[in-house]
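A.B. asks: How does the following fold in three dimensions:
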Amino acid sequence: MTTILSSSKNNWNKTWLLVIPFLFIFSVFKYSDAIFSAEMSLANEGDGLGTIAGIFALQDLVQHEGLGYVFSDLAKFSNHGQALSEAGPFSQFWKIVSVTIGYFFSPQLTYDLVGMLGYFFSAVAAFYLFSYLGANRLISLVLAIALVSMDNTIARAYSHLFGLGVMFAPILVVMTTAIASNNPSRKWLIVLALVHIFNFNVNEYYGYFGVFYTISFFIAQTAINARKVDWKELVKNLTIASIVFVSALILLYPNVIGQSLLLKLGIISEISNKGGTHVHEWGAFTFYSVQKIHALFESDISFIQNLLDKERFSNDLWEMSYRIGFVLPVSIVLICYHIVLIQGRKSVDFLLKLAPWCLATLVSLCFALSPNYKISLVSLTYEIAPMFRVATRSLLYFNIGLFSILVISLVHLISILDKKAESGERFKKYSISAFALLLVLLVHNDVSRLDFFEKIPTLKLDTQSPYTVLSDRENGILVEVPYLSPKKSPPEQSYPYLFNRLFHKKILANQIYTGSNNKKYIDDLDSLSESINQLDEGFLNKLITNGVKYFAVEDNYSQTKLTLDNSRDVELIAEEKGVSIYVVKGEKSVKENNINRFLLNMFSQRVMN
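C.D. replies: Numbering: from 1, shown residues only. Take a look at the predicted model:
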């Protein structure tokens, strides 16, 4: 008799015809408050707001630079507050997504649609993984929704959505790793290499940690099957797959990886583009690692919360968004215990089947654990990849691994119990199926802070901006006041200025200048900040002479406002929502659309003075 946990491979095509439309409709429903409202969005501040602004900036850049810019591994948004910054890594995948969806929709709606589509594709990938592991449609569906509804999805919806907020690529890595490890043919190993490349391009953090997940899984699986392995063929296939992986990585990242590799090999003596990734100090690695392992198992079910030590099972670190809950790991332990109890020595094959999953999942945990734990691998990341400071992001593979272990264990236990039930005991068989369904629903209730049919939270995003008064005016340089200093203000405080460009579409004089690659102009920008925020007539004349055409001043900067109000060279054209907007009068206006030249001229005049 077919139970709810039986795989229905004969009906595979019919399954997808049902599941894909359902998951798409379900995803649209989950994100409907954002995608169907002009006033609500997934983000209205911080990195989310910066990403919305970045979608506009990329479209603006492609419009002027051409579509070829999309395929570069670097990006530099000179008119968008990064004129002085070194070019930095920028995924081709997210460029293509931003430009393609952004062609049809506004940047705000594009951001929300990316969130919805990321949820949808992640759910499809998770459903495919759990089906591959033996669970049937209903169990796979519930667990897929549970996995993609975890804290990380909710937290990343308004910050770091692009890359960290979607998990379909890491899920594909986990599934392809399992397939290729069981069948290490040349075809599957090359497919695995290409999936890893795709994973890197979606998010470099998940790409980096995914490589170690695959290596540890593959080692365990190969060791278990050592007697059956054709070692000569395996080495040859691995070599070819490795060459494909490295070659594709260099082709995809010619500046970030290719030139660095050529420099180390002595083929070139200098890197032509000195941009690239930021290198972080050791303190950042320890800060963004798991200090309290218990926090991973914090429950969202109230009666379980009352049984646990709240202080021990909690964590204030924002990056700790990979909580797995209490029910899932405890269920794994109890299920495995019952399997061993029922099967005795016969359970060895089951335990060997779990071994690669357990090792890869444990290794992923070790990459996230604080160096205070002896098994921590944070120091390895610091040595070989000092740009990946946030160790907790390795926990995504820990989460996917535990979900997979639960599925394998649950399927195995139910198959044992199902066989023990006699053919006529229909009630017992359905009771077993009902137990499985209730368990996975309980897992969902624990790992997700949202109810099954609860929508993703949204935030009010003000799109009625006073800056629209500038949208049809001649292009030119705009100064926002306060002009924030990179010495005194984090970059996130300047993100509203980037967002304002959606409405005024002008060149931004304010600069976001941060990271280990950007140190040269910090003092100059700090001095410029002080002069603009306490603007006098003399410095106003310098700004106008060097090309500033527009000013936007917050009301509480009275000195700057007073200087502009008293000046005969500028006029007030709008005063709304705490912002006063000024334009330089025509006869005084100097045409300057090169923001780099403007800034360097301002710096040189400061030095001369």
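A.B. asks: ok, so what distance separates the residue nearest to the spatial centre of the chain from residue 323?
C.D. replies: Nearest to the mean C-alpha position of the chain, by Cα atoms, centre = their mean, lies residue 164 at 1.5 Å. Look at residue 164 and residue 323: by Cβ to Cβ, to the nearest Å, they are 15 Å apart. C-beta here means a position set from N, CA and C on the backbone, and glycine is covered the same way.
A.B. asks: Could you do residue 80 as well?
C.D. replies: The gap separating residue 80 from residue 323 is 35 Å, by Cβ to Cβ.
A.B. asks: Also residue 93?
C.D. replies: For residue 93, the distance to residue 323 equals 27 Å [Cβ to Cβ].
A.B. asks: So if I had to pick from the two, which one is more boxed in?
C.D. replies: residue 323 (25 against 18; other Cβ atoms under 10 Å).
A.B. asks: can you give me the helices in the stretch 501-609 of the chain?
C.D. replies: 522-533, 537-545, 558-566, 595-608 (DSSP state H, counting those that start in this stretch).
A.B. asks: what's the residue nearest to the centre of the chain in contact with, if anything?
C.D. replies: 152, 156, 203, 205-206, 393 (Cβ atoms under 8 Å, 6 or more residues apart in numbering).
A.B. asks: Same question for residue 575.
C.D. replies: Neighbouring residues of residue 575 by Cβ under 8 Å, 6+ apart: 466, 581.
A.B. asks: Can you spell out which residues form a bridge with it?
C.D. replies: Using DSSP bridges, the bridge partners assigned to residue 575 are residue 580.
A.B. asks: give the contact list for residue 115.
C.D. replies: For residue 115, the contact set (Cβ under 8 Å, 6+ apart) comprises 31, 34, 42, 157, 161, 165, 456.
A.B. asks: Flag whichever of the helices of the stretch 501-609 of the chain has the least confidence on average.
C.D. replies: For these, mean pLDDT drops lowest on helix 595-608, to a mean of 85.
A.B. asks: Contacts for that helix next, please.
C.D. replies: Helix 595-608 has contacts (Cβ under 8 Å, 6+ apart) with 78-79, 83-84, 477, 507-509, 511, 521, 524, 527-528, 531, 542-543, 546-548, 592.
A.B. asks: Where does pLDDT dip in the stretch 1-150 of the chain?
C.D. replies: 1-12 (pLDDT under 70).
A.B. asks: try 50
C.D. replies: 1-8 (pLDDT under 50).
A.B. asks: Break down the stretch 51-200 of the chain into its strands, ranges please.
C.D. replies: 74-75, 88-89 (DSSP state E, counting those that start in this stretch).
A.B. asks: if we can go back for a sec, out of the contacts of residue 115, who's the most crowded?
C.D. replies: Highest neighbour count within the contacts of residue 115: residue 42, with 30 neighbours (other Cβ under 10 Å).
A.B. asks: That one: what's its closest spatial neighbour, skipping adjacent residues?
C.D. replies: In space, and not counting its chain neighbours, residue 42 is closest to residue 157: 4.4 Å by Cβ to Cβ, 6 or more residues apart in numbering.
A.B. asks: Show me the contact partners of stretch 48-66.
C.D. replies: 41-43, 69-70, 75, 77, 79-80, 95, 98-99, 102-103, 107-108, 110-111, 157-159, 161-162, 492, 495-496, 498-499, 501-502, 505.
A.B. asks: Which among the residues you listed count as buried?
C.D. replies: The neighbour-count test (16 or more other Cβ atoms under 10 Å) marks 41-43, 69-70, 75, 77, 79-80, 95, 98-99, 102, 107-108, 110-111, 157-159, 161-162, 495, 498-499, 501-502, 505 as buried among the contacts of stretch 48-66.
A.B. asks: Which other helices and strands does the helix or strand hosting residue 439 contact?
C.D. replies: Following DSSP states H and E, one finds residue 439 within helix 426-447. Helix 426-447 is packed against helix 137-148, helix 327-343, helix 395-420, with contacts defined by 3 or more Cβ pairs under 8 Å, 6 or more residues apart in numbering; DSSP states H and E.
A.B. asks: Residue 468 and residue 322, how far apart?
C.D. replies: Going from residue 468 to residue 322 by Cβ to Cβ gives 40 Å.
A.B. asks: the more surrounded of the two?
C.D. replies: The neighbour count for residue 468 versus residue 322, taken as other Cβ under 10 Å, is higher for residue 322 (21 against 16).
A.B. asks: Leaving out sequence neighbours, find the closest residue to the more buried one.
C.D. replies: residue 395 (3.5 Å).
A.B. asks: Tell me how many other residues surround the one you found.
C.D. replies: So residue 395, with other Cβ under 10 Å, has 25 neighbours.
A.B. asks: need the contact list for it.
C.D. replies: Counting by Cβ under 8 Å, 6+ apart, residue 395 makes contact with 290, 296, 322, 364-365, 368.
A.B. asks: Could you rerun that using 10 Å?
C.D. replies: By Cβ atoms under 10 Å, 6 or more residues apart in numbering, the contact list for residue 395 reads 152, 209, 290, 296, 319-324, 364-365, 367-369, 401.
A.B. asks: Out of these, the closest to residue 253 would be?
C.D. replies: residue 209 (17.3 Å; Cβ to Cβ).
A.B. asks: how close does residue 213 get to residue 52?
C.D. replies: Here residue 213 is placed at a distance of 32 Å from residue 52 (Cβ to Cβ).
A.B. asks: from the contacts of helix 595-608, which would you call buried?
C.D. replies: For the contacts of helix 595-608, a burial check counting by 16+ other Cβ under 10 Å picks out 78-79, 83-84, 477, 507-509, 511, 521, 524, 527-528, 531, 543, 546-548, 592.
A.B. asks: Disregarding residues adjacent in the polypeptide, which is nearest to residue 27?
C.D. replies: Closest to residue 27 by Cβ to Cβ, 6+ apart is residue 120, at 3.9 Å.
A.B. asks: and the one you found, how many residues sit next to it?
C.D. replies: Count around residue 120 with other Cβ under 10 Å applied: 22.
A.B. asks: Show me where the stretch 451-600 of the chain has its strands.
C.D. replies: Under DSSP E, counting those that start in this stretch, the stretch 451-600 of the chain gives strands at 459-460, 477-481, 507-508, 548-554, 570-576, 579-584.
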